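[1] Give me a model of this one.
(one chain, ligands or ions: 1)
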Amino acid sequence: MKFYIETYGCQMNIYDSEIICSILFKSGFIKTSNLKKADIILLNTCSVREKPEKKIFNRFLKINKIKIFKNKKLKLGIVGCLATHYKNNLFDKLKFLDLIVGPDSYNKIPEMIKNLKTKKKEIDVRLANQERYTKIIPIPNGGRSAFISIMRGCDNMCTFCIVPYTRGREKSRNPNSILKECKLLYKKGYKEIILLGQNVDAYFWKNMKFFQLLELIAKTVPLMRVRFLTSYPSNITKNLLKVVKKYSNICKHFHLPLQSGSTRILSLMRRKYTVEEFLLIIKMIKKIIPDCSISSDIMTGFCTETQEDHRETIRIMNIIKFNFSFLFKYSSRQGTYAYRKLKDNVPNSLKISRLNEIIRLQKSHSFYRLKQNIGKIQEVLIEGISKKDENYYYGRNSKNDIIVFTKNKSKIGSYKKVKILNSTFTTLIGEIIP
Ligand code: SF4
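    I've put the predicted structure just below:
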(Lines give C-alpha, C1' and ligand atoms only; values in the text may rest on other atoms or scores of the structure.)
Protein backbone atom coordinates (compact mmCIF):
# COMPACT_ATOMS: atom_id res chain seq x y z
CA MET A 1 0.00 0.00 0.00
CA LYS A 2 1.15 3.51 -0.75
CA PHE A 3 0.76 6.32 1.76
CA TYR A 4 0.96 10.08 1.43
CA ILE A 5 1.53 12.32 4.45
CA GLU A 6 1.19 16.07 4.82
CA THR A 7 2.35 17.90 7.95
CA TYR A 8 1.00 21.04 9.61
CA GLY A 9 2.13 22.96 12.67
CA CYS A 10 5.27 22.89 14.75
CA GLN A 11 8.61 21.08 14.56
CA MET A 12 7.25 18.39 16.85
CA ASN A 13 4.74 17.49 14.15
CA ILE A 14 7.49 17.34 11.51
CA TYR A 15 9.36 14.95 13.79
CA ASP A 16 6.21 12.92 14.42
CA SER A 17 5.63 12.57 10.69
CA GLU A 18 9.16 11.14 10.45
CA ILE A 19 8.19 8.66 13.17
CA ILE A 20 4.97 7.74 11.34
CA CYS A 21 6.95 7.16 8.11
CA SER A 22 9.36 4.91 9.98
CA ILE A 23 6.47 2.90 11.50
CA LEU A 24 4.73 2.52 8.14
CA PHE A 25 7.95 1.55 6.29
CA LYS A 26 8.55 -1.16 8.86
CA SER A 27 5.14 -2.62 8.04
CA GLY A 28 5.83 -2.63 4.30
CA PHE A 29 4.05 0.58 3.27
CA ILE A 30 5.59 2.70 0.51
CA LYS A 31 5.65 6.48 0.65
CA THR A 32 4.46 8.51 -2.31
CA SER A 33 4.64 12.24 -2.88
CA ASN A 34 1.78 12.02 -5.36
CA LEU A 35 -1.63 12.35 -3.71
CA LYS A 36 -3.37 10.65 -6.60
CA LYS A 37 -1.25 7.51 -6.34
CA ALA A 38 -1.85 7.03 -2.61
CA ASP A 39 -4.02 4.30 -1.05
CA ILE A 40 -4.05 6.18 2.23
CA ILE A 41 -3.65 9.91 2.83
CA LEU A 42 -2.73 11.15 6.31
CA LEU A 43 -2.76 14.74 7.47
CA ASN A 44 -0.66 15.32 10.57
CA THR A 45 -2.51 18.20 12.14
CA CYS A 46 -2.20 21.15 14.50
CA SER A 47 -4.91 22.69 16.64
CA VAL A 48 -2.99 25.40 18.46
CA ARG A 49 -4.67 28.21 16.52
CA GLU A 50 -7.92 28.62 14.68
CA LYS A 51 -6.50 29.68 11.31
CA PRO A 52 -4.33 26.60 10.58
CA GLU A 53 -7.19 24.42 11.78
CA LYS A 54 -9.54 25.91 9.18
CA LYS A 55 -6.84 25.44 6.55
CA ILE A 56 -6.63 21.74 7.39
CA PHE A 57 -10.41 21.24 7.16
CA ASN A 58 -10.48 22.98 3.77
CA ARG A 59 -7.56 20.89 2.58
CA PHE A 60 -9.40 17.73 3.54
CA LEU A 61 -12.48 18.81 1.61
CA LYS A 62 -10.30 19.19 -1.48
CA ILE A 63 -8.53 15.87 -0.93
CA ASN A 64 -11.87 14.13 -0.57
CA LYS A 65 -12.59 14.95 -4.22
CA ILE A 66 -9.92 12.37 -5.16
CA LYS A 67 -11.91 9.82 -3.17
CA ILE A 68 -15.20 10.83 -4.79
CA PHE A 69 -14.04 11.11 -8.40
CA LYS A 70 -10.89 9.00 -8.78
CA ASN A 71 -10.34 6.37 -6.12
CA LYS A 72 -13.31 5.19 -4.08
CA LYS A 73 -11.09 2.83 -2.07
CA LEU A 74 -8.85 5.67 -0.88
CA LYS A 75 -8.58 5.89 2.94
CA LEU A 76 -8.28 9.26 4.66
CA GLY A 77 -6.85 9.80 8.11
CA ILE A 78 -6.31 12.64 10.56
CA VAL A 79 -3.43 12.20 12.97
CA GLY A 80 -1.92 14.57 15.55
CA CYS A 81 -3.44 17.29 17.69
CA LEU A 82 -6.78 17.70 15.88
CA ALA A 83 -7.41 14.01 16.54
CA THR A 84 -7.16 14.40 20.32
CA HIS A 85 -8.84 17.79 20.26
CA TYR A 86 -12.07 16.70 18.52
CA LYS A 87 -11.88 12.91 18.98
CA ASN A 88 -14.98 11.10 17.63
CA ASN A 89 -16.59 14.41 16.67
CA LEU A 90 -14.23 14.57 13.72
CA PHE A 91 -16.23 11.75 12.11
CA ASP A 92 -19.27 14.05 12.28
CA LYS A 93 -17.38 17.06 10.96
CA LEU A 94 -15.76 15.10 8.12
CA LYS A 95 -18.11 12.25 7.19
CA PHE A 96 -15.68 10.74 4.68
CA LEU A 97 -12.89 10.34 7.25
CA ASP A 98 -11.74 6.73 7.89
CA LEU A 99 -9.04 7.05 10.52
CA ILE A 100 -8.33 9.23 13.58
CA VAL A 101 -5.08 8.72 15.49
CA GLY A 102 -3.77 10.80 18.41
CA PRO A 103 -0.09 11.69 19.04
CA ASP A 104 0.54 8.76 21.39
CA SER A 105 -0.95 6.02 19.19
CA TYR A 106 1.14 6.15 16.01
CA ASN A 107 2.48 2.64 16.62
CA LYS A 108 -1.01 1.37 15.92
CA ILE A 109 -1.45 3.04 12.52
CA PRO A 110 -0.44 -0.01 10.37
CA GLU A 111 -2.82 -2.30 12.26
CA MET A 112 -5.62 0.28 12.14
CA ILE A 113 -5.19 0.69 8.38
CA LYS A 114 -5.43 -3.09 7.95
CA ASN A 115 -8.56 -3.16 10.10
CA LEU A 116 -10.19 -0.73 7.68
CA LYS A 117 -10.57 -3.64 5.25
CA THR A 118 -13.31 -5.00 7.47
CA LYS A 119 -14.28 -2.01 9.63
CA LYS A 120 -15.72 1.28 8.43
CA LYS A 121 -13.81 3.58 10.75
CA GLU A 122 -10.92 3.40 13.23
CA ILE A 123 -10.04 5.73 16.09
CA ASP A 124 -7.40 5.75 18.85
CA VAL A 125 -6.83 9.01 20.71
CA ARG A 126 -5.72 7.69 24.09
CA LEU A 127 -2.88 9.63 25.68
CA ALA A 128 -0.01 7.80 27.35
CA ASN A 129 1.95 8.65 30.47
CA GLN A 130 5.20 7.35 28.97
CA GLU A 131 7.06 8.07 25.77
CA ARG A 132 6.05 5.38 23.28
CA TYR A 133 8.52 5.89 20.46
CA THR A 134 11.89 5.19 22.08
CA LYS A 135 12.53 2.22 19.80
CA ILE A 136 11.53 3.96 16.59
CA ILE A 137 14.24 5.63 14.55
CA PRO A 138 12.57 8.46 12.62
CA ILE A 139 13.42 9.06 8.97
CA PRO A 140 14.41 12.73 8.51
CA ASN A 141 13.60 14.36 5.19
CA GLY A 142 17.20 15.03 4.13
CA GLY A 143 18.97 18.33 4.72
CA ARG A 144 21.69 18.90 7.31
CA SER A 145 19.57 19.30 10.44
CA ALA A 146 17.46 16.69 12.16
CA PHE A 147 14.97 16.94 14.99
CA ILE A 148 15.05 14.75 18.08
CA SER A 149 12.12 14.82 20.44
CA ILE A 150 13.37 14.45 24.03
CA MET A 151 10.09 15.03 25.84
CA ARG A 152 6.42 15.40 25.00
CA GLY A 153 3.38 16.97 26.52
CA CYS A 154 3.10 19.77 29.03
CA ASP A 155 2.09 20.12 32.68
CA ASN A 156 1.88 23.91 32.71
CA MET A 157 -1.78 24.34 31.79
CA CYS A 158 -1.53 27.89 30.45
CA THR A 159 -5.13 29.01 30.23
CA PHE A 160 -5.05 29.72 26.46
CA CYS A 161 -3.29 26.55 25.39
CA ILE A 162 -4.75 23.35 24.02
CA VAL A 163 -1.45 21.40 24.09
CA PRO A 164 -1.88 19.76 27.53
CA TYR A 165 -5.22 18.39 26.27
CA THR A 166 -4.03 17.26 22.84
CA ARG A 167 -0.61 15.94 23.85
CA GLY A 168 -1.12 15.05 27.49
CA ARG A 169 1.18 15.29 30.48
CA GLU A 170 4.95 15.71 30.30
CA LYS A 171 6.84 12.53 29.52
CA SER A 172 10.60 12.47 29.03
CA ARG A 173 12.51 9.98 26.99
CA ASN A 174 15.20 7.57 28.13
CA PRO A 175 18.56 9.34 27.59
CA ASN A 176 20.13 6.18 26.16
CA SER A 177 17.70 6.16 23.26
CA ILE A 178 18.31 9.89 22.69
CA LEU A 179 22.09 9.39 22.58
CA LYS A 180 21.68 6.42 20.25
CA GLU A 181 19.65 8.57 17.87
CA CYS A 182 22.26 11.39 18.03
CA LYS A 183 25.06 8.99 17.11
CA LEU A 184 23.06 7.49 14.28
CA LEU A 185 22.29 10.91 12.82
CA TYR A 186 25.97 11.82 13.04
CA LYS A 187 26.91 8.63 11.19
CA LYS A 188 24.37 9.45 8.50
CA GLY A 189 26.07 12.80 7.89
CA TYR A 190 23.74 15.16 9.72
CA LYS A 191 25.51 18.24 11.07
CA GLU A 192 22.96 19.63 13.46
CA ILE A 193 20.40 18.26 15.88
CA ILE A 194 17.50 20.22 17.27
CA LEU A 195 16.22 18.88 20.57
CA LEU A 196 12.48 19.28 20.79
CA GLY A 197 9.96 19.42 23.56
CA GLN A 198 6.86 21.48 24.32
CA ASN A 199 8.87 22.43 27.38
CA VAL A 200 12.28 21.17 26.46
CA ASP A 201 13.96 22.34 29.67
CA ALA A 202 11.41 20.47 31.79
CA TYR A 203 13.16 17.27 30.66
CA PHE A 204 13.58 14.91 33.59
CA TRP A 205 14.61 11.26 33.61
CA LYS A 206 15.26 9.62 36.96
CA ASN A 207 17.92 12.02 38.34
CA MET A 208 18.85 13.57 35.04
CA LYS A 209 17.83 17.15 34.32
CA PHE A 210 17.89 18.95 30.99
CA PHE A 211 21.28 20.66 31.48
CA GLN A 212 22.87 17.27 32.23
CA LEU A 213 21.33 15.65 29.16
CA LEU A 214 22.46 18.60 27.04
CA GLU A 215 26.04 18.27 28.28
CA LEU A 216 26.01 14.54 27.59
CA ILE A 217 24.80 15.13 24.04
CA ALA A 218 27.34 17.91 23.41
CA LYS A 219 30.13 15.54 24.51
CA THR A 220 28.77 12.51 22.64
CA VAL A 221 28.54 14.25 19.24
CA PRO A 222 31.13 17.06 19.52
CA LEU A 223 31.16 17.68 15.77
CA MET A 224 27.43 18.27 15.61
CA ARG A 225 25.68 21.49 16.45
CA VAL A 226 23.03 21.18 19.12
CA ARG A 227 19.98 23.46 19.34
CA PHE A 228 16.97 23.15 21.61
CA LEU A 229 13.45 24.52 21.80
CA THR A 230 11.06 25.58 23.25
CA SER A 231 12.23 26.72 26.69
CA TYR A 232 9.80 27.73 29.40
CA PRO A 233 11.26 31.00 30.74
CA SER A 234 11.27 30.10 34.43
CA ASN A 235 13.01 26.78 33.72
CA ILE A 236 16.19 28.57 32.59
CA THR A 237 18.85 27.93 35.24
CA LYS A 238 22.46 29.00 35.77
CA ASN A 239 23.49 25.37 35.35
CA LEU A 240 21.89 25.28 31.91
CA LEU A 241 23.53 28.55 30.89
CA LYS A 242 26.94 27.34 32.06
CA VAL A 243 26.62 24.23 29.89
CA VAL A 244 25.51 26.28 26.86
CA LYS A 245 28.48 28.59 27.37
CA LYS A 246 31.01 25.79 27.94
CA TYR A 247 30.41 23.81 24.73
CA SER A 248 31.10 25.51 21.42
CA ASN A 249 28.83 23.02 19.64
CA ILE A 250 25.77 24.11 21.66
CA CYS A 251 24.17 26.98 19.80
CA LYS A 252 23.83 30.30 21.56
CA HIS A 253 20.15 30.76 20.94
CA PHE A 254 17.19 30.67 23.33
CA HIS A 255 13.55 30.61 22.37
CA LEU A 256 11.66 32.03 25.34
CA PRO A 257 7.96 32.75 24.85
CA LEU A 258 7.04 35.97 26.66
CA GLN A 259 3.37 35.83 25.52
CA SER A 260 2.53 39.24 27.03
CA GLY A 261 4.39 42.18 28.53
CA SER A 262 1.66 42.74 31.13
CA THR A 263 1.96 40.92 34.45
CA ARG A 264 -1.82 41.11 34.85
CA ILE A 265 -2.30 39.28 31.54
CA LEU A 266 0.48 36.79 32.34
CA SER A 267 -1.35 35.94 35.53
CA LEU A 268 -4.63 35.43 33.61
CA MET A 269 -2.70 33.21 31.21
CA ARG A 270 -1.41 31.32 34.25
CA ARG A 271 2.19 31.81 33.17
CA LYS A 272 4.58 31.18 36.04
CA TYR A 273 6.52 34.44 35.86
CA THR A 274 5.92 38.16 36.13
CA VAL A 275 7.32 40.64 33.64
CA GLU A 276 10.00 41.63 36.17
CA GLU A 277 11.04 37.99 36.58
CA PHE A 278 11.19 37.55 32.81
CA LEU A 279 13.49 40.59 32.57
CA LEU A 280 15.73 39.11 35.27
CA ILE A 281 15.96 35.85 33.30
CA ILE A 282 17.02 37.80 30.20
CA LYS A 283 19.58 39.71 32.29
CA MET A 284 21.01 36.45 33.66
CA ILE A 285 21.28 34.94 30.15
CA LYS A 286 23.00 38.03 28.73
CA LYS A 287 25.38 38.21 31.69
CA ILE A 288 26.57 34.63 31.24
CA ILE A 289 26.37 34.50 27.41
CA PRO A 290 26.53 38.10 26.14
CA ASP A 291 26.65 37.24 22.43
CA CYS A 292 23.53 35.10 22.23
CA SER A 293 20.20 35.53 20.50
CA ILE A 294 16.81 35.41 22.15
CA SER A 295 13.58 34.86 20.26
CA SER A 296 10.05 34.79 21.58
CA ASP A 297 6.32 34.19 21.06
CA ILE A 298 3.95 37.06 21.80
CA MET A 299 0.20 37.29 21.32
CA THR A 300 -2.10 40.30 21.21
CA GLY A 301 -5.71 40.55 22.32
CA PHE A 302 -5.81 37.92 25.04
CA CYS A 303 -8.99 38.06 27.17
CA THR A 304 -9.53 41.52 28.73
CA GLU A 305 -6.27 42.93 27.32
CA THR A 306 -6.48 46.74 27.62
CA GLN A 307 -4.58 49.40 25.74
CA GLU A 308 -2.46 49.79 28.86
CA ASP A 309 -1.56 46.06 28.83
CA HIS A 310 -0.68 46.37 25.15
CA ARG A 311 1.55 49.40 25.87
CA GLU A 312 3.31 47.26 28.48
CA THR A 313 4.05 44.62 25.84
CA ILE A 314 5.50 47.33 23.60
CA ARG A 315 7.58 48.64 26.52
CA ILE A 316 9.04 45.23 27.33
CA MET A 317 9.74 44.49 23.65
CA ASN A 318 11.61 47.79 23.47
CA ILE A 319 13.69 46.86 26.51
CA ILE A 320 14.59 43.35 25.35
CA LYS A 321 14.69 43.82 21.58
CA PHE A 322 14.21 40.14 20.72
CA ASN A 323 16.20 38.89 17.74
CA PHE A 324 13.05 37.37 16.36
CA SER A 325 9.49 36.67 17.48
CA PHE A 326 6.51 34.63 16.39
CA LEU A 327 3.61 37.04 16.73
CA PHE A 328 -0.08 36.12 16.80
CA LYS A 329 -3.46 37.43 17.70
CA TYR A 330 -5.25 35.41 20.36
CA SER A 331 -7.75 32.87 19.13
CA SER A 332 -9.87 31.11 21.69
CA ARG A 333 -9.54 27.31 21.64
CA GLN A 334 -12.47 25.18 22.68
CA GLY A 335 -11.67 23.09 25.76
CA THR A 336 -9.17 25.48 27.33
CA TYR A 337 -9.71 27.28 30.63
CA ALA A 338 -9.76 30.64 28.83
CA TYR A 339 -12.50 29.39 26.50
CA ARG A 340 -14.62 28.23 29.42
CA LYS A 341 -13.99 30.92 32.02
CA LEU A 342 -12.51 34.10 30.55
CA LYS A 343 -14.02 36.70 28.25
CA ASP A 344 -12.60 36.80 24.73
CA ASN A 345 -13.72 40.43 24.65
CA VAL A 346 -11.07 42.22 22.61
CA PRO A 347 -12.60 43.03 19.21
CA ASN A 348 -10.92 41.26 16.31
CA SER A 349 -10.05 44.55 14.58
CA LEU A 350 -8.23 45.70 17.73
CA LYS A 351 -6.39 42.38 18.04
CA ILE A 352 -5.23 42.85 14.44
CA SER A 353 -4.17 46.50 14.82
CA ARG A 354 -2.20 45.65 17.99
CA LEU A 355 -0.66 42.69 16.18
CA ASN A 356 0.38 44.90 13.25
CA GLU A 357 1.97 47.32 15.69
CA ILE A 358 4.12 44.66 17.35
CA ILE A 359 5.01 43.15 13.95
CA ARG A 360 6.38 46.54 12.85
CA LEU A 361 8.25 46.90 16.13
CA GLN A 362 9.73 43.41 15.95
CA LYS A 363 10.95 44.05 12.39
CA SER A 364 12.90 47.07 13.60
CA HIS A 365 14.33 45.06 16.53
CA SER A 366 15.33 42.14 14.29
CA PHE A 367 17.12 44.55 11.97
CA TYR A 368 18.84 46.18 14.95
CA ARG A 369 20.00 42.79 16.24
CA LEU A 370 21.18 41.62 12.80
CA LYS A 371 23.26 44.76 12.32
CA GLN A 372 25.11 44.00 15.57
CA ASN A 373 26.81 41.13 13.70
CA ILE A 374 28.42 43.35 11.06
CA GLY A 375 32.22 43.17 11.14
CA LYS A 376 32.26 39.93 13.16
CA ILE A 377 33.71 36.63 11.99
CA GLN A 378 31.32 33.77 12.69
CA GLU A 379 31.25 30.04 12.17
CA VAL A 380 28.55 29.18 9.66
CA LEU A 381 27.17 25.81 8.69
CA ILE A 382 26.71 25.84 4.90
CA GLU A 383 23.19 24.54 4.38
CA GLY A 384 22.68 24.97 0.64
CA ILE A 385 22.63 27.16 -2.43
CA SER A 386 20.68 30.40 -2.16
CA LYS A 387 17.29 30.18 -3.87
CA LYS A 388 17.59 33.77 -5.07
CA ASP A 389 21.04 33.50 -6.63
CA GLU A 390 22.89 30.27 -7.39
CA ASN A 391 26.24 32.00 -7.01
CA TYR A 392 25.59 32.23 -3.27
CA TYR A 393 25.46 29.79 -0.40
CA TYR A 394 23.26 30.21 2.62
CA GLY A 395 23.79 28.95 6.13
CA ARG A 396 23.24 29.84 9.78
CA ASN A 397 25.45 31.00 12.58
CA SER A 398 25.23 29.74 16.14
CA LYS A 399 22.61 32.41 16.92
CA ASN A 400 20.33 31.03 14.19
CA ASP A 401 20.71 34.08 11.90
CA ILE A 402 20.60 33.30 8.18
CA ILE A 403 23.72 34.35 6.29
CA VAL A 404 24.17 34.51 2.52
CA PHE A 405 27.70 34.51 1.10
CA THR A 406 29.50 33.98 -2.20
CA LYS A 407 29.85 30.35 -3.26
CA ASN A 408 33.30 28.81 -3.48
CA LYS A 409 34.63 25.25 -3.40
CA SER A 410 33.55 24.64 0.18
CA LYS A 411 31.19 21.73 0.56
CA ILE A 412 27.55 22.03 1.59
CA GLY A 413 27.41 20.65 5.11
CA SER A 414 30.81 22.01 6.11
CA TYR A 415 31.49 24.71 8.72
CA LYS A 416 33.27 27.83 7.50
CA LYS A 417 34.39 31.10 9.02
CA VAL A 418 32.40 33.91 7.46
CA LYS A 419 32.96 37.64 7.90
CA ILE A 420 29.68 39.54 8.17
CA LEU A 421 29.70 42.50 5.81
CA ASN A 422 26.16 43.77 5.76
CA SER A 423 22.57 43.06 6.64
CA THR A 424 19.14 43.29 5.06
CA PHE A 425 16.03 43.33 7.27
CA THR A 426 16.07 39.53 7.46
CA THR A 427 19.43 38.21 6.30
CA LEU A 428 23.11 38.77 6.89
CA ILE A 429 25.50 39.11 3.95
CA GLY A 430 29.04 37.81 4.38
CA GLU A 431 32.15 36.42 2.76
CA ILE A 432 34.03 33.22 3.51
CA ILE A 433 37.39 33.81 5.15
CA PRO A 434 39.94 31.89 3.03
S1 SF4 B 1 3.94 25.96 28.45
FE2 SF4 B 1 1.87 26.77 28.25
S3 SF4 B 1 1.83 27.47 26.10
FE4 SF4 B 1 3.56 26.09 26.25
S5 SF4 B 1 2.74 24.07 25.66
FE6 SF4 B 1 2.60 24.21 27.90
S7 SF4 B 1 0.52 24.94 28.31
FE8 SF4 B 1 0.99 25.38 26.15
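[2] CA only for contacts and neighbour counts going forward, please
    Noted.
[3] mind checking which helix or strand the residue lying closest to M157 once chain neighbours are set aside is in?
    Among residues not flanking M157 along the chain, P164 sits closest, at 6.3 Å (Cα to Cα, 6 or more residues apart in numbering). Assigned by DSSP states H and E, P164 belongs to helix 163-167.
[4] now for that helix, which elements pack on it?
    Packing contacts for helix 163-167, counted by 3 or more Cα pairs under 8 Å, 6 or more residues apart in numbering; DSSP states H and E, involve helix 81-86.
[5] The helix it packs on near the ligand at all?
    No. Helix 81-86 lies out of reach of the ligand by Cα under 6 Å from any ligand atom, never closer than 12.2 Å.
[6] before we move on, what about stretch 335-343?
    No. Contact of stretch 335-343 with the ligand (Cα under 6 Å from any ligand atom) is absent, the minimum separation being 9.8 Å.
[7] Compute the first-to-last residue distance for that stretch.
    Start and end residues of stretch 335-343 are separated by 14 Å (Cα to Cα, to the nearest Å).
[8] Next, the buried residues of that stretch.
    Along stretch 335-343, these residues count as buried under the neighbour rule (16 or more other Cα atoms under 10 Å): 336-339, 342.
[9] How about stretch 296-315?
    296-303, 305, 309-310, 312-314.
[10] Then stretch 222-238?
    Judged by neighbour count (16+ other Cα under 10 Å), stretch 222-238 contains these buried residues: 224-236.
[11] name the helices or strands packed onto the helix ranked longest in the chain?
    In the chain, assigned by DSSP state H, the helix with the most residues is helix 348-371. Applying 3+ Cα pairs under 8 Å, 6+ apart, we find helix 348-371 packed against strand 293-300, helix 307-320, strand 324-329, strand 415-423.
[12] hmm, which two among the buried residues of stretch 222-238 are most spread apart?
    Farthest pair in those (Cα to Cα) is M224 and S234. Separation: 27.5 Å.
[13] Identify, from the buried residues of stretch 296-315, the entry nearest to the ligand.
    Proximity of the buried residues of stretch 296-315 to the ligand (Cα to the nearest ligand atom) peaks at D297, which lies at 9.5 Å.
[14] Quick one: list the elements packing against the helix or strand encompassing L279.
    Assigned by DSSP H and E, L279 falls within helix 275-288. Helix 275-288 is packed against helix 238-246, helix 307-320, with contacts defined by 3+ Cα pairs under 8 Å, 6+ apart.
[15] redo that, cut-off 10 Å
    Helices and strands touching helix 275-288, by 3 or more Cα pairs under 10 Å, 6 or more residues apart in numbering; DSSP states H and E, are helix 238-246, helix 263-268, strand 293-300, helix 307-320.
[16] can you narrow the buried residues of stretch 296-315 to ones near the ligand?
    Answer for the buried residues of stretch 296-315 near the ligand: none qualify (Cα under 6 Å from any ligand atom).
[17] Redo those residues as JSON lines? Include pLDDT.
    Listed next are the buried residues of stretch 296-315 as JSON lines, based on pLDDT from 0 to 100:
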{"residue": "S296", "pLDDT": "98"}
{"residue": "D297", "pLDDT": "98"}
{"residue": "I298", "pLDDT": "98"}
{"residue": "M299", "pLDDT": "98"}
{"residue": "T300", "pLDDT": "98"}
{"residue": "G301", "pLDDT": "98"}
{"residue": "F302", "pLDDT": "98"}
{"residue": "C303", "pLDDT": "98"}
{"residue": "E305", "pLDDT": "98"}
{"residue": "D309", "pLDDT": "98"}
{"residue": "H310", "pLDDT": "98"}
{"residue": "E312", "pLDDT": "98"}
{"residue": "T313", "pLDDT": "98"}
{"residue": "I314", "pLDDT": "98"}
